[in-house]
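Chemist: build the 3D model from these lines:
(one chain, ligands or ions: 4)
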Amino acid sequence: QAKTEGKGRVSVFTPSMHRAARERMNLVSELRRALALDELEAFYQPIVDLRTDRVAGAEALVRWRHPVRGLLAPDTFLDAAEEGGLMVELGRWMLATVIGQIGRWTRELTLPDSFRVHVNISPSELRHGDLAGYATALLRQEGVPGARLTLEITEALLVTRDHVVDENMAALRAIGIPLEIDDFGTGYSSISYLQSIPAQNAKIDRSLTQELLSQDRQCRFVGAILDLIHTAGMGAVAEGVEERAQADVLRSLHCEYAQGYYFSRPVPAETMRGFLTGSRQLPGTADDV
Ligand code: C2E
Ligand code: MG
Ligand code: MG
Ligand code: MG
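Modeler: Ligands and ions are numbered 1, 2, ... in the order given. Below you'll find the model as predicted:
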């Protein structure tokens, strides 16, 4: 925008910067209002067990049903949530919503024993407050065991890891909530991360999954990453599976779980319920022959 300013003028704060800052502040206050008015919604993306070809769980992903702009994806508002100090509140809303949903599904359906819902946790949620205490109260209220959840954490956590983060992770493990390393393979300290975080699973980033078709070399590369995860004593989930052939390669490489548009996009809770009751089928799974 600086180009449109007059020659030789020194303008540190241009009108467009004012506008951007104002828009950001509007977004933060709108998001605060959205949390109060319950405009957020949890979508669910099925996770398939590649050994049995059955639904093994789902990842909960936040959406915002904006009254004017329609359904918004998290990349349009999570930065504003972080900047506006709303991340902890948003995370707590999400956890309460998901645990409430698991409670309803448990009462109304026969869930497979191994079914879990994976919830993304931002670093700030592990850094501020008593996440484990909050989760325990919700789980008790709904009569849901901690093992019905998995909390997904990213490498960004390591940058500011401190004793509060470690205490929160230990406390979550103590109440039986598994942890999962998200977006594995995208950061630069990934390998040491595998050994220093008390996680049960690692989720391979979709940038690695998506190349699987093209090259034999890529298959061996992902195979080596899977060996690494298994050697660390963890299970592996692959995200971003968009084609059947990718699921087949992952299965042959002994990857336990997969999720992606090939099976299903993230869907509202009602649609996810259909996958759980069998009234809806996922492509490539046991019931779809
Ligand atoms: P993520 O945790 O890595 O989630 C996977 C993202 O990949 C989701 O995007 C999902 O819709 C998308 N995806 C799944 N399968 C495929 C596929 O086959 N192809 C492609 N191209 N994409 C696929 P989404 O829902 O937009 O979420 C983006 C990110 O926002 C998430 O990445 C996560 O980091 C963050 N996020 C979402 N919900 C929450 C939340 O409740 N709390 C926190 N802290 N972060 C969240
Ligand atoms: Mg995730
Ligand atoms: Mg991920
Ligand atoms: Mg990702």
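
Chemist: is ligand 1 within reach of stretch 256-265?
Modeler: Yes: using C-beta under 6 Å from any ligand atom, we find that stretch 256-265 touches ligand 1 at 259, 260, 261. For the C-beta atoms, the positions are set from N, CA and C on the backbone; glycine is no exception.

Chemist: equivalent analysis for stretch 48-67, please.
Modeler: Yes: residues of stretch 48-67 are located near ligand 1 by C-beta under 6 Å from any ligand atom, namely 61, 62.

Chemist: just stretch 167-181 next, same as before
Modeler: No: using C-beta under 6 Å from any ligand atom, we find that stretch 167-181 stays clear of ligand 1, coming within 9.9 Å at best.

Chemist: end-to-end on that stretch?
Modeler: This stretch, stretch 167-181, spans 17 Å end to end (C-alpha to C-alpha, to the nearest Å).

Chemist: just to revisit the earlier point, mind putting the residues of stretch 256-265 next to ligand 1 in TSV, neighbour count and pLDDT included?
Modeler: Putting the residues of stretch 256-265 next to ligand 1 into TSV (neighbours: other C-beta atoms under 10 Å; pLDDT from 0 to 100) gives the following:
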residue	neighbour count	pLDDT
259	25	98
260	23	97
261	13	97
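
Chemist: restrict those to contacts with ligand 3.
Modeler: When contact is defined as C-beta under 5 Å from the ion, the residues of stretch 256-265 next to ligand 1 do not meet ligand 3 at all.

Chemist: dump these to a markdown table, plus secondary structure.
Modeler: Output for those, formatted as a markdown table (DSSP: H, G, I helix; E, B strand; the rest coil):
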| residue | secondary structure |
| --- | --- |
| 259 | coil |
| 260 | coil |
| 261 | coil |
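
Chemist: doesn't residue 214 make contact with residue 249?
Modeler: No: the pair residue 249 / residue 214 is not scored as a contact, 10.9 Å apart, by C-beta atoms under 8 Å.

Chemist: looking at these two, which one has more neighbours?
Modeler: residue 249 (20 against 9; other C-beta atoms under 10 Å).

Chemist: which SSE is that one in?
Modeler: Here residue 249 sits within helix 244-252, counting by DSSP states H and E.

Chemist: tally of neighbours for residue 54?
Modeler: Burial of residue 54 is recorded as 16 neighbouring residues (other C-beta under 10 Å).

Chemist: which residues does it form a beta bridge with?
Modeler: In this entry, residue 54 is beta-bridged to residue 49, by DSSP bridges.

Chemist: ok, which stretches of this protein are strands?
Modeler: Applying DSSP state E to the chain gives strands spanning 40-49, 54-66, 70-72, 116-120, 149-153, 179-184, 201-204, 235-238, 257-258.

Chemist: quick one: which of the ones you listed is nearest ligand 3?
Modeler: strand 179-184 (4.3 Å; C-beta to the ion).

Chemist: does ligand 2 have contacts with the closest one?
Modeler: Yes: against ligand 2, strand 179-184 shows contacts by C-beta under 5 Å from the ion at residue 182.

Chemist: quick check, that strand touching ligand 3?
Modeler: Yes: using C-beta under 5 Å from the ion, strand 179-184 reaches ligand 3 at 182, 183.

Chemist: touching that strand from outside, list them.
Modeler: Applying C-beta atoms under 8 Å, 6 or more residues apart in numbering, the contact partners of strand 179-184 are 118, 120, 150-155, 169, 172-173, 190, 193-194, 197-205, 225, 229, 234, 237.

Chemist: one more pass at 7 Å, please.
Modeler: Residues outside strand 179-184 that contact it (C-beta atoms under 7 Å, 6 or more residues apart in numbering): 118, 120, 150-155, 169, 172-173, 190, 193, 197-205.

Chemist: brilliant, that's me finished.
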